[in-house]
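Engineer: below is the sequence, then the predicted model.
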Amino acid sequence: MKVIQIAGLANSGKTTFICELVPALKSHGKVGVIKHLGDHDFLLEEGKDTTLFFESGADISAGIDTGKSVAVLRTIDLDAMLCLLRQQGVDFVVIEGFKKRTFPKVIIGDLPDETCILRNPTVGDVIAALPRFEDY
């Protein structure tokens, strides 16, 4: 599984770039995305069963509807999430944030970083550089 880490300062365009990158990667394989939420917590919808199960102590609470599944896991470990995506057959995982990790990075904007292999690239630049990204 190739890890493509996207980093940059707040409001630099990381999310927009990832939304353009994902469809291009999908033509090469299965894609997963992990977002570092930083200082803000993801809010679980109050009173819903999956929230109640998680709040009761479940290590994983999942729900399945007619078009998707959602899961909340009691982990904040990036490596645990990477392993989960790898076990699910993901070929490419895009990580937004986690600037302190040392994966080869795509930098959006002017963020200084020693692991930068592409700065302000096009989607085509990233696709052409896939062999340069780390296997996990």
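Structural biologist: Okay, I see it.
Engineer: could you pick out the longest strand of the chain?
Structural biologist: strand 2-8 (DSSP state E).
Engineer: which other helices and strands contact that strand?
Structural biologist: helix 14-26, strand 92-96, strand 105-108, strand 134-135 (3 or more C-beta pairs under 8 Å, 6 or more residues apart in numbering; DSSP states H and E). The way it works is simple: take the backbone N, C-alpha and C, and place the C-beta from them, glycine included.
Engineer: mind giving me the packing neighbours of the shortest one?
Structural biologist: Contact analysis of strand 134-135 by 3+ C-beta pairs under 8 Å, 6+ apart lists strand 2-8 as its packing neighbours.
Engineer: adjacent strands (with direction) for the strand it packs on?
Structural biologist: Taking DSSP bridges as the criterion, strand 2-8 forms sheet pairs with strand 92-96 (parallel), strand 105-108 (parallel), strand 134-135 (antiparallel).
Engineer: what angle separates it from helix 14-26?
Structural biologist: Between strand 2-8 and helix 14-26, the angle comes out at 160 degrees (axes from the mean of the first three to the mean of the last three C-alpha atoms, to 10 degrees).
Engineer: which parts of strand 2-8 are buried?
Structural biologist: Within strand 2-8, the residues that count as buried by 16 or more other C-beta atoms under 10 Å are 2-8.
Engineer: quick one: distance of stretch 62-70 to the chain centre.
Structural biologist: The chain centroid and the centroid of stretch 62-70 are separated by 19 Å under C-alpha atoms, centre = their mean, to the nearest Å.
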